[in-house]
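Chemist: this one's structure only:
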Ligand SMILES: [Ca+2]
Ligand SMILES: [Ca+2]
């Protein structure tokens, strides 16, 4: 129950005549719009997803330009007061650090002191070079007039570049730069997969089959729409959990029977066998017939679901103001933070660095300047012994939503200033991972200090082995948060639908359910998931949509709650998140919005921001007593 309703109910008991007037509309929360929920038809859903993808590309274009403008301003003013040699070294560093910055040229018309206008990476004499020359001339003219300049994207039919220029503070000097627009293609590819606009995955090292998760009959995935009826698994693999750990003799016999070239992967009593000549059905029959296993199941594939500086708690009246960070993309693009009361919540707590949020995903760009000092070394399940670097973009985006540096005059602001992200790479370069890799990632995170785990991934099959890993983390008092999926379906996705997991669906800027977002009775809460601005590999920023983007908001909130009150158990944290929401749709919990949209300020207050909240007082006292024993 939200605190507002709770308050209203209390009030109703004492001042019944006033309650009728006060209950439905709290002055503080006028935004609760009742949406008549409905699910879009498949064709309409595809069209809506297409529109969302185009909107993400356009928002990313505008993020990239804003980011470029800011960097050019800094460059221009830095280069003004440097020698030629320093300038060259600085330009080289900027080019190395920003792969999308293709060339940067210092222009000093006054002293006739500038490099010759010409940009690497575009072949001279081509029509592209002629367009570049035209835009460069316009840029020079703008600098002479002390104006900023931005060209349109070119070539017009398939945009690859744009030219931008920024004047230095005085004199007719400044920088002209050529930027690559590859990020738009990356976002397009990314969102085609994540919003399942294409059958996915179609790539990968193994052969895959799909089957209907209820009938277990094989099905063919022809369009993105078919994905909601399919779960993917490796054809030549099987997950077997034994009652007793097999002896080395047993194992040798199994490998001989199945002609397994490689030893199986193992976690506890569970093994994953790979046999080139056998399919899943044959493998299953063999183990059931000969080894009386506890259970066998296909080796499923999980896909991404995109579409310390603590402040002393302040007085109640200061909570009405919000903390506005100076990150350059914040005010214009990060609608997602104020709408869930993050900025007001920061007045209570900004996150503690020892409350770690693990992101089991495609890894993270550990060298991104806006993630500097905000991510731990982490772990790579896919290639143990190497850094969990992100080769997809998904994990970097999810990580930035949680922990991008706040108030550093750069890029975006994360949800927390203090909590660190533990990146665990369990999804490979295709953006997918198996039961084994995801489970191993979860177990590794649980064993390495995570207090919260974010899983922006899913599959429609219920895998016992994954469930065991989830239970392992849950029993270690970890809050597990997962995205529900982007197929606009009521079919439960896993791990989101496990009872130990807080499941998150997506809303848009108007507090409506995002058109792609899954729904159903298992949904816990909603968080923003459309055109969310965050970090992207190679020092870039992108706007992406998906329940994958909604989930990390809730994981970050769990991190903040555990920073406010480290003595809370995972179940208490989950309860606080569910009960301190903005109710959406029909009153109370409903299948389209779960309990409602998360509210950071209300949750942090309920967690004891500044005082011991009354409703948690019994637990608090019990823990105090336990600690004295
Ligand atoms: Ca930042
Ligand atoms: Ca509701």
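Modeler: Perfect, I can see it now. Predicted, not measured: the structure shown is a model, and the values here were computed from it. Ligands and ions are numbered 1, 2, ... in the order given.

Chemist: so where is the stretch 301-450 of the chain shaky, pLDDT-wise?
Modeler: Applying pLDDT under 70 to the stretch 301-450 of the chain flags residues 303-321.

Chemist: Right, and ligand 1 sits closest to which residue of it?
Modeler: Per CB to the ion, residue 327 is where the stretch 301-450 of the chain lies closest to ligand 1, at 3.9 Å. Every C-beta, even on glycine, is put in place using the N, C-alpha and C of the backbone.

Chemist: Touching, that residue and residue 413? I think so.
Modeler: Yes - assessed by CB atoms under 8 Å, residue 327 is found in contact with residue 413 at 4.4 Å.

Chemist: got the contact list for the residue of the stretch 301-450 of the chain closest to ligand 1?
Modeler: Shown in contact with residue 327 (CB atoms under 8 Å, 6 or more residues apart in numbering): 334, 404, 405, 406, 407, 408, 409, 410, 411, 412, 413.

Chemist: how does it look with 7 Å?
Modeler: Residues in contact with residue 327, defined by CB atoms under 7 Å, 6 or more residues apart in numbering, are 406, 407, 408, 409, 410, 411, 412, 413.

Chemist: try residue 270
Modeler: Going by CB under 7 Å, 6+ apart, the list of residues near residue 270 reads 239, 240, 241, 465.

Chemist: Show me which of the residues you listed are buried.
Modeler: For those, a burial check counting by 16 or more other CB atoms under 10 Å picks out 239, 240, 241, 465.

Chemist: For those residues, which two are the farthest from each other?
Modeler: Spatial extent of the buried ones among the contacts of residue 270 (CB to CB) is set by the pair 240 and 465 at 9.4 Å.

Chemist: before we move on, which element is residue 70 in?
Modeler: Using DSSP states H and E, residue 70 sits in helix 42-80.

Chemist: got the buried residues for that helix?
Modeler: 45-46, 48-49, 52-53, 56-57, 59-61, 63-73, 75-77, 79-80.

Chemist: re earlier: just the closest of the contacts of residue 270 to ligand 2, please.
Modeler: Here the nearest of the contacts of residue 270 to ligand 2, counting by CB to the ion, is residue 465; it sits at 34.1 Å.

Chemist: measure the closest one to residue 73 for me?
Modeler: 52 Å (CB to CB, to the nearest Å).

Chemist: Chain neighbours aside, what residue packs nearest to the residue in the stretch 51-200 of the chain that ligand 2 sits nearest to?
Modeler: Using CB to the ion, the closest approach of the stretch 51-200 of the chain to ligand 2 is made by residue 52 at 23.3 Å. Take residue 52 and drop its neighbours on the chain: the residue closest to it by CB to CB, 6 or more residues apart in numbering is residue 545, 4.9 Å away.

Chemist: Return the backbone torsion pair for the one you found.
Modeler: phi -120, psi 150 (degrees, to the nearest 10).

Chemist: Which parts of the stretch 1-150 of the chain are strands?
Modeler: For the stretch 1-150 of the chain, the strands defined by DSSP state E, counting those that start in this stretch occupy 101-108, 149-150.

Chemist: Distance to residue 86 for the ones you listed - can I get that in CSV?
Modeler: Formatted as CSV, these follow (distance: least, CB to CB, whole Å):
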stretch, distance to residue 86
strand 101-108, 11
strand 149-150, 25
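
Chemist: wait, doesn't residue 549 sit right on residue 529?
Modeler: Yes - with contacts counted by CB atoms under 7 Å, residue 549 reaches residue 529, the gap being 4.8 Å.

Chemist: Please enumerate the strands of the stretch 401-550 of the chain.
Modeler: Using DSSP E, counting those that start in this stretch, the strands assigned to the stretch 401-550 of the chain run over residues 421-425, 432-434, 450-455, 457-458, 479-483, 501-507, 525-528, 532-536, 540-544.

Chemist: in the protein, what secondary structure element scores lowest on mean pLDDT?
Modeler: helix 16-22 (a mean of 20; mean pLDDT, DSSP states H and E).

Chemist: where's residue 374 relative to residue 422, distance?
Modeler: For residue 374 relative to residue 422 (CB to CB), the value is 11 Å.

Chemist: Quick check: closest non-adjacent residue to residue 442.
Modeler: Counting by CB to CB, 6+ apart, residue 442 lies nearest to residue 469, which is 4.4 Å off, once chain neighbours are set aside.

Chemist: Please tell me I have it right and that neighbour contacts residue 439.
Modeler: Yes - with contact defined as CB under 7 Å, residue 469 counts as touching residue 439 (3.6 Å).

Chemist: returning to what we had before: now go through the contacts of residue 270 and say which are in strands.
Modeler: 239, 240, 241 (DSSP state E).

Chemist: Name whatever forms a beta bridge with the second one.
Modeler: Listed by DSSP bridges, the beta-bridge partners for residue 240 are residue 271, residue 296.

Chemist: got a pLDDT number for it?
Modeler: On pLDDT, residue 240 comes in at 92.
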